[in-house]
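A.B. asks: Take this sequence and fold it.
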Amino acid sequence: MNGDGDMITHRRPRFTRKASLPLRLTGDDIAILRAVAHHRFLRSTHVARLLPHRSARKIIERLTGLYHAGFLDRPRAQINYFASTGSAPIVYALGNKGAEIVAAIEHVPPPLTDWTDKNRAVKRPYIEHALLLADLMLPLEVGSRDNGAIKFVGGGALLASLPTGTKRHDSPWTMTARLAQGGRRAAISVVPDAVFALHFKEFDQRSFFFVEADRATMPITRSDMSQSSFRRKLLSYLAAHNEKQHVERFGFSNLRVLTLTTSSERVASMLDVVREITSGRGSGMFLFADVGMIAANPDPFTTPWQTTSGFVRIDDPPRLQNSG
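C.D. replies: Below you'll find the predicted structure:
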């Protein structure tokens, strides 16, 4: 049994392709390729969430076949997981053949990038950040398929609806605030890791969210405001929000920032910072959860997120929300 629970009789190397029989792509295969292209990296467990009608063993066998046939790749930066534990789910990226298939489906020019080289060059922190983001975003996307009341709207669809000036910007989701720094005010920009909306069909209303995937590598606070910290990031979001930039730049009537992080202790520290920068008032704009909370709840829309005033869910339509 390998780190993915793979019980294939004739074991093949995890990170070296071997010649395989011609593979006829199925609808599930296309769904896998498009999901990997969208998220950049996915674990086999993410793919299992994407295809709940398939058994875990069948998914592992199919991912293995797609890898050896060149449609998927296995970034070598994850090798140290197996050296130390031998039991981590395998992480997948697009292979060259998979990238060509996705380009054809989406009617875009074929890729010029050699994905094998690109995946080989990527570092472990980048992969881990993408996986943390997928821990939140993929369940939301999948959960929306069977939810009759809520539709998930991804950042790409939202981008198309932005005001023309914002849409043409090199970094359209950037928000910039002027913060006190060393006796003067400096422009500090903040860019979310992901953007999405939930469309509530009954009320024809949307809630808008910026997402931060925090791997606990950035200090929460620093005495020097010129250095990056999570406190500075929260200050930037708060100041930009108070200036109504979300309305002027994006046309959003409401906006909340979801932060997914690594532990309940780090959530508590972030909540303390929110209280501090709001002079004790708190703010319902900032919602926090750790990976354990996300993993423990099979319904991503009803996962409890922490704010300075308690737990809330993101499946409440705007008219029922208290922005704090």
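A.B. asks: Only C-alpha atoms from now on, for both contacts and neighbour counts.
C.D. replies: Fine.
A.B. asks: which residues does the residue nearest to residue 40 when sequence neighbours are not counted contact?
C.D. replies: Sequence neighbours aside, residue 93 is the residue nearest to residue 40 in space, at 6.0 Å (criterion: Cα to Cα, 6 or more residues apart in numbering). For residue 93, the contacting residues are 36-37, 40-42, 72-75, 119, by Cα atoms under 8 Å, 6 or more residues apart in numbering.
A.B. asks: Filter those down to the ones in strands?
C.D. replies: If you go by DSSP state E, the contacts of residue 93 have 42, 72-73 in strands.
A.B. asks: could you dump these to JSON lines with distance to residue 225 and pLDDT?
C.D. replies: Below are the ones in strands among the contacts of residue 93 laid out as JSON lines (distance: Cα to Cα, whole Å; pLDDT from 0 to 100):
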{"residue": "42", "distance to residue 225": "35", "pLDDT": "97"}
{"residue": "72", "distance to residue 225": "43", "pLDDT": "97"}
{"residue": "73", "distance to residue 225": "41", "pLDDT": "96"}
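A.B. asks: quick one on the thing from earlier: wait, a helix at the residue nearest to residue 40?
C.D. replies: No - membership of residue 93 in a helix is not supported by DSSP: H, G, I helix; E, B strand; the rest coil, which gives strand.
A.B. asks: confidence score at it?
C.D. replies: Per-residue pLDDT puts residue 93 at 97.
A.B. asks: What's opposite it in the beta bridge?
C.D. replies: residue 73 (DSSP bridges).
A.B. asks: where are the low-confidence patches of the stretch 201-324 of the chain?
C.D. replies: Applying pLDDT under 70 to the stretch 201-324 of the chain picks out residues 319-324.
A.B. asks: which residues in it form strands?
C.D. replies: 205-213, 256-261, 286-290, 305-307, 310-312 (DSSP state E, counting those that start in this stretch).
A.B. asks: Let me know which of these is the nearest to residue 219.
C.D. replies: Of all the strands of the stretch 201-324 of the chain, it is strand 256-261 that lies closest to residue 219, at 12.6 Å by Cα to Cα.
A.B. asks: Just give the strands next to the closest one in its sheet, each with its orientation.
C.D. replies: strand 205-213 (parallel), strand 286-290 (parallel).
A.B. asks: and of the contacts of residue 93, the nearest to residue 217?
C.D. replies: Closest approach between the contacts of residue 93 and residue 217, by Cα to Cα: residue 41, at 19.6 Å.
A.B. asks: I'd like the distance between the residue lying farthest from the centre of the chain and residue 250.
C.D. replies: No residue in the chain sits farther from the centre than residue 183, which is 36.4 Å out by Cα atoms, centre = their mean. To residue 250, residue 183 is 31 Å away according to Cα to Cα, to the nearest Å.
A.B. asks: And for residue 223?
C.D. replies: Separation of residue 223 from residue 250 (Cα to Cα) stands at 32 Å.
A.B. asks: now swap in residue 112 and tell me
C.D. replies: Going from residue 112 to residue 250 by Cα to Cα gives 32 Å.
A.B. asks: what does residue 58 give?
C.D. replies: In terms of Cα to Cα, residue 58 sits 43 Å off from residue 250.
A.B. asks: coming back round to it: quick one, which of residue 112 and residue 250 is more surrounded?
C.D. replies: residue 250 (20 against 9; other Cα atoms under 10 Å).
A.B. asks: From the structure, what's the count of residues near the closest residue to residue 306 other than its chain neighbours?
C.D. replies: Distances taken as Cα to Cα, 6+ apart put residue 288 closest to residue 306, at 5.0 Å, once the chain neighbours are dropped. When neighbours are counted by other Cα under 10 Å, residue 288 registers 24.
A.B. asks: Quick check: bridge partners of residue 288?
C.D. replies: residue 259, residue 306.
A.B. asks: Switch the ones in strands among the contacts of residue 93 over to JSON lines; also include distance to residue 157 and neighbour count.
C.D. replies: Output for the ones in strands among the contacts of residue 93, formatted as JSON lines (distance: Cα to Cα, whole Å; neighbours: other Cα atoms under 10 Å):
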{"residue": "42", "distance to residue 157": "22", "neighbour count": "29"}
{"residue": "72", "distance to residue 157": "26", "neighbour count": "26"}
{"residue": "73", "distance to residue 157": "28", "neighbour count": "28"}
